[in-house]
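A.B. asks: Structure of the sequence below:
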Amino acid sequence: MGRFTNPRDIYFGAGALENLKSLKGKKAVICIGGGSIKRGGFLQRAEDYLHEAGFETKLIEGIEADPSVTTVMNGAQVMLDFEPDWIIAIGGGSPIDAAKAMWIKYEYPECTFEDMCKVFGIPELRKKAHFCAVTSTSGTGTEVTAFSIITDYDKGIKYPIADFEITPDVAIVDPDLVATLPQKLIAHTGMDALTHCVEAWVSTARSCYTDAMAIAAAKMIKDSIVASYNGDLEARATMHDAQCMAGIAFSSGLLGIVHSLAHKTGAAFTDYGAHIIHGAANAMYLPKVVAFNASDPVALARYAELAEAFGLQGADDKAKTRALIELLRGLNDQLNIPHGIAQYGADSYPTETGFVPVDVFEAKKAEIAVNAIGDACTGSNPRQPSPEEMTAVLEACFYDTEIDF
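C.D. replies: You can find the predicted model right below:
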């Protein structure tokens with residue numbers, strides 16, 4: 001028996017933010033990250049719409065990229081004091097994910113972070129508040145998903161919270177919010193969305209419902225991502241819809257070990273000044289994981305079918321899958337994303353976060369591989385890796401070496 005769960009309402013298209021006026025309630029807490037939502041005037045517009053609807057509002061701001069357990073607990077306390085009946089999260093994946101976790105703690109103050117991380121083990125929500133997500137990036141899809149990613153910085157590990165209870169009640173997908181995003185963010189979030197499509201397409205939890213969204217969104221992204229990166233606003237609007245569709249696909253169809261590895265490497269090297277941004281990690285790891293999974297005949301056939309949908313040629317399924325891998329690598333080249341962790345932060349790809357030293361990676365790789373196997377996304381990967389196999393995939397992701405299939 002399967003399940004396909006989405007928000008009750010998805011409002012999309014230019015000006016969709018105005019639908020905040022349709023919400024019914026008395027108090028709304030608004031969760032945001034940095035100042036871009038303020039600078040663009042979107043926070044003020046959201047507050048105005050909510051006030052017009054009769055809401056008293058309270059702001060929780062400064063939610064960091066890769067939100068921490070501490071941020072979640074502090075935000076939940078604000079909610080407990082204010083007692084909202086709507087939670088409005090505006091931003092990229094980080095503020096929306098953090099607000100989802102705050103929502104759990106608000107409804108169940110006795111709930112610990114460890115309780116939240118029990119896969120599909122969250123008690124019934126909406127006893128105190130409903131949830132509206134307004135996405136301001138084109139990649140995470142979290143405005144329509146049953147997932148939240150929270151980082152425990154003491155352990156250096158990102159933990160996925162997974163439960164259909166945290167699927168938002170309302171999603172707003174307004175391209176006005178992404179018109180001025182920086183190029184690097186367009187690249188990273190766009191490849192994150194494509195990864196959602198590819199992983200949902202081969203997931204063991206996929207269905208005809210998720211397939212329809214995954215392949216349609218993948219084609220839209222393949223055709224629009226580079227133009228979006230280069231400033232084409234029509235392509236950027238297409239990407240905004242496509243990433244939402246990708247979120248619908250993976251929320252019910254689940255993901256795989258690209259995300260397992262991204263979750264477990266993102267914060268693993270912060271002691272050395274290297275923070276691997278989630279979308280960039282997915283972009284680097286996706287071609288390697290496709291090659292690893294292609295040893296499974298069912299996954300190989302699925303990849304070949306996706307390659308055909310992209311218009312790629314090949315004499316057999318292996319050749320088509322190799323063409324798919326080359327297309328993914330070509331997109332990374334056009335989006336200025338490196339092919340391996342060793343390049344990330346190096347001179348060829350300068351970042352403000354440093355880079356991962358080889359000796360540090362070698363010392364940590366076995367532990368990261370074990371943690372990735374334990375990630376919630378691993379169970380739906382089409383090929384279940386051993387610790388040794390996961391380590392080998394991680395090495396390929398670091399050194400940009402090939403995986404045979």
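
A.B. asks: Could you check how many residues crowd around the residue nearest to Phe120 when sequence neighbours are not counted?
C.D. replies: Leaving aside its sequence neighbours, Phe120 sits nearest to Asp163 (C-beta to C-beta, 6 or more residues apart in numbering; 5.1 Å). Yep, even glycine has a C-beta here, placed from its N, CA and C like the rest. Neighbourhood size, Asp163 [other C-beta atoms under 10 Å]: 19.

A.B. asks: Three-state assignment for Gly25, please.
C.D. replies: When classified by DSSP: H, G, I helix; E, B strand; the rest coil, Gly25 comes out as coil.

A.B. asks: quick one: it and Ile88, what's the gap?
C.D. replies: 10 Å (C-beta to C-beta, to the nearest Å).

A.B. asks: Who has more neighbours out of these two?
C.D. replies: Ile88 (28 against 15).

A.B. asks: and that one, that one's in a helix?
C.D. replies: No: under the criterion used here (three-state DSSP), Ile88 is strand, not part of a helix.

A.B. asks: residues contacting it?
C.D. replies: 20, 28-31, 46, 50, 132, 134 (C-beta atoms under 8 Å, 6 or more residues apart in numbering).

A.B. asks: Scan those residues and report the most crowded one.
C.D. replies: Most surrounded of these: other C-beta under 10 Å gives Cys31, at 30 neighbours.

A.B. asks: before we move on, back to that, backbone phi and psi for the residue nearest to Phe120, please?
C.D. replies: Per-residue torsions, Asp163: phi -170, psi 140 (degrees, to the nearest 10).

A.B. asks: State the distance from it to Ala101.
C.D. replies: For Asp163 relative to Ala101 (C-beta to C-beta), the value is 11 Å.

A.B. asks: Let me see the domain layout of the protein.
C.D. replies: 9-178, 183-399 (automatic domain parsing).

A.B. asks: mind giving me a markdown table with these and columns for mean pLDDT and distance to Met1?
C.D. replies: Listed next are the domains of the chain as a markdown table, based on pLDDT from 0 to 100; distance: least, C-beta to C-beta, whole Å:
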| stretch | mean pLDDT | distance to Met1 |
| --- | --- | --- |
| domain 9-178 | 96 | 14 |
| domain 183-399 | 93 | 11 |
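
A.B. asks: Now distance to Arg3 too, for those domains, in CSV please.
C.D. replies: Shown next, in CSV, are the domains of the chain (distance: least, C-beta to C-beta, whole Å):
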stretch, distance to Arg3
domain 9-178, 7
domain 183-399, 6
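
A.B. asks: related to what we said a few turns ago, next step: the contacts of Ile88 restricted to helices.
C.D. replies: Taking DSSP state H, the ones among the contacts of Ile88 that sit in helices are 46, 50.

A.B. asks: In space, what's closest to Ser252 - neighbours in sequence excluded?
C.D. replies: Taking C-beta to C-beta, 6+ apart, and ignoring the residues beside it in sequence, Ser252 has Phe4 as its nearest neighbour in space, at 4.6 Å.

A.B. asks: For burial, what's the neighbour tally of that neighbour?
C.D. replies: Applying other C-beta under 10 Å, we find 15 residues neighbouring Phe4.

A.B. asks: Which stretches in the protein count as helices?
C.D. replies: For the chain, the helices defined by DSSP H cover 36-39, 42-52, 69-82, 93-107, 113-116, 183-202, 208-229, 233-253, 257-266, 278-293, 297-309, 317-334, 358-373, 387-399.

A.B. asks: got the angle for the last one vs helix 358-373?
C.D. replies: Okay, so that is helix 387-399. 130 degrees (axes from the mean of the first three to the mean of the last three C-alpha atoms, to 10 degrees).

A.B. asks: which outside residues touch helix 387-399?
C.D. replies: Against helix 387-399 from outside (C-beta under 8 Å, 6+ apart): 257, 261, 265, 284-285, 288-289, 291-292, 340-342, 356, 361, 365-366, 368-370, 372-373, 385, 401-403.

A.B. asks: Now which of these would you call buried?
C.D. replies: Restricting the contacts of helix 387-399 to buried positions leaves 257, 261, 265, 284-285, 288-289, 291-292, 340-342, 356, 361, 365, 368-369, 372-373, 385, 403, with burial counted as 16 or more other C-beta atoms under 10 Å.

A.B. asks: Might you report the residue contacts of the residue nearest to Gly92 when sequence neighbours are not counted?
C.D. replies: Sequence neighbours aside, Thr137 is the residue nearest to Gly92 in space, at 3.8 Å (criterion: C-beta to C-beta, 6+ apart). Contacts for Thr137 (C-beta under 8 Å, 6+ apart) come out as 91-93, 178, 181, 185, 189.

A.B. asks: in stretch 53-69, what counts as buried?
C.D. replies: By neighbour count on 16+ other C-beta under 10 Å, the buried set for stretch 53-69 is 55, 57-58, 60-61, 63, 66-69.

A.B. asks: Max pairwise distance over those: which two?
C.D. replies: Phe55 and Asp66 (29.5 Å; C-beta to C-beta).

A.B. asks: if we can go back for a sec, return the subset of the buried residues of stretch 53-69 lying in strands.
C.D. replies: The subset of those located in strands under the criterion DSSP state E comprises 57-58, 60.

A.B. asks: okay but Val69 is in contact with Phe113, surely?
C.D. replies: Yes: counting by C-beta atoms under 8 Å, Val69 touches Phe113, with 5.1 Å between them.

A.B. asks: Can you show me the CA trace of stretch 380-391 as PDB?
C.D. replies: The C-alpha coordinates for stretch 380-391 follow below in PDB (Å, rounded to 0.1, in the frame of the first residue of the first chain):
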ATOM      1  CA  SER A 380      15.000   3.700  -0.400                       C
ATOM      2  CA  ASN A 381      18.200   3.600  -2.500                       C
ATOM      3  CA  PRO A 382      17.900   1.000  -5.200                       C
ATOM      4  CA  ARG A 383      21.200  -0.600  -4.200                       C
ATOM      5  CA  GLN A 384      22.000  -1.100  -0.600                       C
ATOM      6  CA  PRO A 385      25.700  -0.400   0.000                       C
ATOM      7  CA  SER A 386      28.000  -2.200   2.500                       C
ATOM      8  CA  PRO A 387      30.200   0.100   4.700                       C
ATOM      9  CA  GLU A 388      33.100  -0.700   2.300                       C
ATOM     10  CA  GLU A 389      31.000   0.100  -0.800                       C
ATOM     11  CA  MET A 390      29.800   3.400   0.700                       C
ATOM     12  CA  THR A 391      33.400   4.300   1.500                       C
END
